[in-house]
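Novice: I'd like to go over a predicted model; first the sequence, then the structure.
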Amino acid sequence: MSDWADWDHIVKIDPDKTLVDGETFEDVAATGTDAIEVGGTTGMTEEKMKRVVDACGKHDIPVYIEPSNPASVVHSDRHDGYLIPVVMNAGDVAWITGAHKEWIRMDDEIDWSRTFTEAYIVLNPEASVASYTQANCDLDADDVAAYAEAAEHLLGQEIVYVEYSGMLGDTDIVAAAADILDDATLFYGGGIHDYESARTMAQHADTIVVGDLVHDEGVDAVRETVKGAKDATAPTADR
Ligand SMILES: CC(C)=CCC/C(C)=C/CC/C(C)=C/CC/C(C)=C/COP(=O)(O)OP(=O)(O)O
Ligand SMILES: O=P(O)(O)OC[C@@H](O)CO
Ligand SMILES: [Mg+2]
């Protein structure tokens, strides 16, 4: 079974941002989150990536690199694996297969046994990731469900990622993606900032991803979102 099948909650650390004063990656690992992803779109370098991966990798929690470009991939024994995005609604094919081909050409240390993909559907047109990939975010619930179905059944993707980075998404859209998927795991990320927003999104998605909150508000706020995610998936939760 894949690692992520058991994850309710992920903290995504952006190596281009800092933690709240006085907090450490050990504190992040102790929030109760199930895994740490390390990635961001702007200002990413190999050096920043390495520093964060090394720091997170010391703690007893799965750590996955999520590169936004081939140059930000680092190899170490400190982390568990690589989650490589493929952007279903990218306007530039570089973000579907092009960057992947270049990475594979350049990098002779790829460890395929711990390299997996995430099929992104990018939905906040204001996010850096949307402009970076020239994503067409003008999609309704049927479009998103169809992308999710294509990801799972045509492209064999095990993770579908509904990405609203920077804003809380439309629950009808997240629900439409959740309903259409058979076995693929649905990640949801964007704008989760408290217990209630976490619980709401976790009622639809299998796994919620919390990003900016850890940098802006810190670990106490993250801990509330972990509670929301766990309560939503508890057997008594109203699903
Ligand atoms: C082939 C390799 C190794 C890399 C390319 C992988 C691809 C397709 C990347 C496309 C962009 C993407 C989906 C990156 C994942 C990380 C992510 C979505 C970060 C969040 O981005 P924002 O929140 O918009 O950006 P900032 O927080 O940096 O402003
Ligand atoms: O930063 P936020 O808005 O929490 O989004 C999380 C994640 O989906 C970003 O890739
Ligand atoms: Mg961001």
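Specialist: It's in. Residues are numbered from 1 along each chain as shown. Ligands and ions are numbered 1, 2, ... in the order given.
Novice: show me what contacts the residue of the chain found nearest ligand 2?
Specialist: Closest to ligand 2 within the chain is residue 189: 2.0 Å, counting by CB to the nearest ligand atom. No exception for glycine: its C-beta is placed from N, CA and C like everyone else's. For residue 189, the contacting residues are 12, 161, 162, 163, 164, 165, 208, 209, 210, 211, by CB atoms under 8 Å, 6 or more residues apart in numbering.
Novice: want to throw these into TSV with distance to residue 33 and secondary structure?
Specialist: Converted to TSV, the contacts of residue 189 look like this (distance: CB to CB, whole Å; DSSP: H, G, I helix; E, B strand; the rest coil):
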residue	distance to residue 33	secondary structure
12	10	strand
161	17	strand
162	19	strand
163	18	strand
164	19	coil
165	18	coil
208	10	strand
209	10	strand
210	8	strand
211	12	coil
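Novice: out of those, who's nearest ligand 1?
Specialist: Using CB to the nearest ligand atom, residue 165 comes nearest to ligand 1 of those, at 3.6 Å.
Novice: quick check: chain neighbours aside, which residue is closest to the closest one?
Specialist: In space, and not counting its chain neighbours, residue 165 is closest to residue 127: 4.2 Å by CB to CB, 6 or more residues apart in numbering.
Novice: quick revisit: what subset of the contacts of residue 189 is buried?
Specialist: Among the contacts of residue 189, those classed as buried by 16 or more other CB atoms under 10 Å are 12, 161, 162, 163, 164, 165, 208, 209, 210, 211.
Novice: do you know the pLDDT at the residue sitting nearest the centre point of the chain?
Specialist: Residue closest to the average C-alpha location in the chain (CA atoms, centre = their mean): residue 209, at 5.6 Å. Here, the pLDDT recorded for residue 209 equals 98.
Novice: so what's it up against?
Specialist: By CB under 8 Å, 6+ apart, the contact set of residue 209 is 10, 11, 12, 37, 161, 187, 188, 189, 192.
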